[in-house]
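*Asks:* have a look at this prediction, sequence included:
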Amino acid sequence: MREVQKQRLHAIVEGRVQGVGFRHFVLEQAAALDLTGWVRNTWRGQVEVVAEGDRSALEQLLQALRHGPRMAYVTTVLPEWSEASGEFTGFKVAS
């Protein structure tokens with residue numbers, strides 16, 4: 001059995017994504033998918049996400065980011081993929 005290569009997803013989420021519980025939403029999604037990394041608001045009004053884990057779980061997170069929580073209105077998600085660094089031990093809201 002071969003080991004699954006961990007991946008990193010870096011995503012910028014644009015739209016009405018601040019002040020609507022988006023970071024908490026991402027925190028819950030990441031926990032359910034067993035991902036590590038962080039989420040934060042940007043000064044430009046976006047939400048930035050860095051997550052590491054299995055590619056299939058990251059794909060599920062990406063789908064969730066495209067919809068967001070109920071009060072959000074997502075217009076764009078800009079994903080970038082790379083190899084995981086393994087630097088995270090959990091998932092948190094960063095400042």
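*Replies:* Received it, and whenever you're ready, just let me know what you need. Numbering: from 1, shown residues only.

*Asks:* what's the longest helix in this protein?
*Replies:* Counting residues, the longest helix found in the chain (DSSP state H) is helix 55-67.

*Asks:* give me the three-state assignment for the closest residue to residue 20 other than its chain neighbours.
*Replies:* Distances taken as Cβ to Cβ, 6 or more residues apart in numbering put residue 71 closest to residue 20, at 3.9 Å, once the chain neighbours are dropped. Glycine gets a C-beta too; all of them are placed from N, C-alpha and C. Following DSSP: H, G, I helix; E, B strand; the rest coil, the label given to residue 71 is coil.

*Asks:* for residue 71, grab phi and psi.
*Replies:* Note on residue 71: backbone dihedrals following degrees, to the nearest 10 are phi -90, psi -10.

*Asks:* for it, grab the count of nearby residues.
*Replies:* 12 (other Cβ atoms under 10 Å).

*Asks:* I'd like the distance between it and residue 15.
*Replies:* 11 Å (Cβ to Cβ, to the nearest Å).

*Asks:* same question, residue 48
*Replies:* 13 Å.

*Asks:* now do the contacts for residue 20.
*Replies:* Applying Cβ atoms under 8 Å, 6 or more residues apart in numbering, we find residue 20 in contact with 68, 69, 71, 72.

*Asks:* figure out the helix or strand that it lives in.
*Replies:* Assigned by DSSP states H and E, residue 20 belongs to no helix or strand.
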